[in-house]
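Enquirer: Give me a model of this one.
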Amino acid sequence: MRPTHQIAETDRRRLGTLAAAARAELERLAIFWLALADKTNGGHFSFVDNDGHIDRERPRSTIFVARILWTLSAIDGVAGSPESRAQAESAYRFLTRRLIDRWFGGFYWAVSPRGGGFRGTDKHTCAQAYGVYALAAFARMSGNREALATALATFRLLERRALTPTGYTEAFSRLWRPIENRRMKVSGIVGARTVNTHIHILEAYTELYLASGDPTIGVALSRLLRLIVDRFPTPAGDRLWPIFDDEMTPLGGPVSYGHDIESSWLIAAAADALGDTELAADAYRAADRLCRGSLSGRLPDGSFAQEGDANGIVDTNRIWWVQAEALSGMIDAFGRSGDLTMLDAAEALWRYIVAHQLDREGGEWFERVSLNGEPVPGPRVTVWKEPYHQARACLKVIECADRLGAATPHA
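Expert: Sure, this is the predicted structure:
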């Protein structure tokens, strides 16, 4: 379903060079995260401060553990090793033995490093989606049938508990009673539906559909993709409403350049997986509009601002995940269209990332960089700062290069 095109040899070499740099960065990230394995409790430590000190007692959230499991599974064919596979197995055990609620089903929000001392027994749809996403990727990598079965069971639970005619209910108590959706506030606004949660359900269902081929998942994925394409964009189609009530009425909120461009390529990926010609045409159109609309958040140095409003950029901080998703989105757009302005923009962004966002001493990416290009002091690792966005961006570049015949052999 994905459009194909020819690119000139000079542009193929440019893409190959970018892919080689992405491969090297992926290997550098793997070194950092493999060093954070918790040999006592399993999984990985969830907090490292600005000076590199590990807090071994910080809680482990489902989203944090699942994102690490997804990363270690997804990188296996590029930067995998016996150690990364062993640590993926450890993360899988932590997710399925410590974070699953055996009594009432689903994943807790967070637990202590030892699995007890609950730090959030509520069930959030976003956390369930990440559990599905990680388990499906791990099953694809390892062939673990139990992981796939757990992912399928979680999918069925979400469809039973959270699905409504206007999307998915997001916040629940441990007993699966709806509660206020405070974990996904947008600029202080609490709403029933958010872009953030729904695009992560989309990526999870895409991964699970690819892992299982189950037509029931295909039906759910098609329904969700249609909802996102039809109801989430603003009238101009160049950005997404970030938050809604339970009837899908927009509640305002900022322009999130990172979520818009992340959504663009996740929409296209879901359409690729489904292979529905009519839906794919609408999805690709929506993806292109969102990707190009997000360029309004691009700064002169090639980086992306954090947020804007109807009048333009309002927050010029460079957040690590926004840069990573912008790279993924522009490379995806180039791969689909052959538009060299997207390749130009991706190269400019990569130059910015290398010059300012990479933490050469600490081994990761700086969470936040100011307008003048200086890193803002802050932790290297938190439950919301893990390897998923930046590793995925590297993988997107490598995948695009492979598909267009521009791959650089692994040295």
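Enquirer: What ranges does the stretch 201-350 of the chain have for its helices?
Expert: Under the criterion DSSP state H, counting those that start in this stretch, helices of the stretch 201-350 of the chain are mapped to 215-231, 257-274, 277-294, 320-337, 340-352.
Enquirer: Enumerate the positions of the third one that are buried.
Expert: When you say that, I think you mean helix 277-294. Neighbour-count burial for helix 277-294, with 16 or more other C-beta atoms under 10 Å as criterion, is recorded at 279-280, 282-284, 286-294. (Glycine included, C-beta is placed from N, CA and C.)
Enquirer: Give the residue spans of the stretch 201-350 of the chain that score low on pLDDT.
Expert: Residues of the stretch 201-350 of the chain meeting the criterion pLDDT under 70: none.
Enquirer: so Ala280 touches Ala271, yeah?
Expert: Yes. Using C-beta atoms under 8 Å as the test, Ala280 is close enough to Ala271 to be in contact (4.1 Å).
Enquirer: Let's have the buried residues of helix 277-294 in a markdown table, adding distance to His259.
Expert: As requested, these are exported to a markdown table (distance: C-beta to C-beta, whole Å):
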| residue | distance to His259 |
| --- | --- |
| Leu279 | 22 |
| Ala280 | 22 |
| Asp282 | 20 |
| Ala283 | 17 |
| Tyr284 | 19 |
| Ala286 | 14 |
| Ala287 | 13 |
| Asp288 | 17 |
| Arg289 | 14 |
| Leu290 | 9 |
| Cys291 | 12 |
| Arg292 | 15 |
| Gly293 | 12 |
| Ser294 | 9 |
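Enquirer: and of the residues you listed, the nearest to Gly52?
Expert: When the buried residues of helix 277-294 are compared for distance to Gly52, the smallest value, 33.4 Å, is given by Ser294; criterion: C-beta to C-beta.
Enquirer: The nearest residue to the closest one once chain neighbours are set aside and Ala281: what is the separation?
Expert: The shortest distance from Ser294 to any non-neighbouring residue, by C-beta to C-beta, 6 or more residues apart in numbering, is to Ile261 (3.9 Å). If you measure Ile261 against Ala281 using C-beta to C-beta, to the nearest Å, the figure is 20 Å.
Enquirer: Looking at the helices of the stretch 201-350 of the chain, which is nearest to Asp38?
Expert: helix 320-337 (23.0 Å).
Enquirer: Name the secondary structure element that contains the residue nearest to the spatial centre of the chain.
Expert: Taking C-alpha atoms, centre = their mean as the criterion, His389 is the residue nearest the geometric centre of the chain, at 5.4 Å. Element membership for His389, per DSSP states H and E: helix 388-403.
Enquirer: for Trp109, what are its contacts?
Expert: Under the criterion of C-beta atoms under 8 Å, 6 or more residues apart in numbering, the contact list for Trp109 reads Ser61, Thr62, Arg119, Gly120, Thr121, Asp122, Lys123, His124, Ala127, Arg183.
Enquirer: Without its sequence neighbours, what residue ends up closest to it?
Expert: What sits nearest to Trp109 in space, not counting adjacent residues and going by C-beta to C-beta, 6+ apart, is Gly120, at 3.0 Å.
Enquirer: what's the domain layout of the chain?
Expert: Domain ranges of the chain: 1-35+294-411, 56-253, per automatic domain parsing.
Enquirer: one step back: only the buried subset of the contacts of Trp109, as a ChimeraX command please.
Expert: Under the burial definition 16+ other C-beta under 10 Å, those of the contacts of Trp109 that qualify are selected in ChimeraX by:
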select :61,62,120,122,123,124,127,183
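Enquirer: top helix in the chain by residue count?
Expert: When the chain is parsed with DSSP state H, its longest helix is helix 9-34.
Enquirer: what is the mean pLDDT for it?
Expert: The average pLDDT for helix 9-34 rounds to 96.
Enquirer: helices or strands next to that helix in the packing?
Expert: Counting by 3 or more C-beta pairs under 8 Å, 6 or more residues apart in numbering; DSSP states H and E, the packing neighbours recorded for helix 9-34 are helix 62-74, helix 76-79, helix 82-98, helix 340-352, helix 388-403.
Enquirer: where's the first one relative to the chain centroid, distance-wise?
Expert: Helix 62-74 sits 10 Å away from the centroid of its parent chain (C-alpha atoms, centre = their mean, to the nearest Å).
Enquirer: Tell me which other helices or strands it touches.
Expert: With contacts defined as 3+ C-beta pairs under 8 Å, 6+ apart, the secondary structure elements packing on helix 62-74 are helix 9-34, helix 82-98, helix 125-142, helix 388-403.
Enquirer: and Thr382, what are its phi and psi?
Expert: For Thr382, the backbone dihedrals (degrees, to the nearest 10) come out as phi -140, psi 180.
Enquirer: ok, what's across the strand from it?
Expert: Applying DSSP bridges to Thr382 yields these beta-bridge partners: Lys385.
Enquirer: Against Gly308, how distant is it?
Expert: Separation of Thr382 from Gly308 (C-beta to C-beta): 25 Å.
Enquirer: Please apply the same query to Leu274.
Expert: Distance check for Leu274 against Gly308: by C-beta to C-beta, it reads 31 Å.
Enquirer: list the contacts for Ala287?
Expert: Ala287 sits in contact with Ser264, Trp265, Ile267, Ala268, Ala271, Asp332, Ala333, Arg336, where contact means C-beta under 8 Å, 6+ apart.
Enquirer: quick one: it from Gly405, how far?
Expert: Taking C-beta to C-beta as the measure, Ala287 and Gly405 are separated by 23 Å.
Enquirer: So which of the domains of the chain is nearest His44?
Expert: Proximity to His44 (C-beta to C-beta) singles out domain 56-253 among the domains of the chain, at 5.4 Å.
Enquirer: So what's the residue count around the closest residue in space to Asp49 that isn't next to it in sequence?
Expert: Spatially, and ignoring its direct neighbours in sequence, Asp49 is nearest to Pro379 (5.2 Å; C-beta to C-beta, 6+ apart). Burial measure for Pro379: 16 neighbouring residues, criterion other C-beta atoms under 10 Å.
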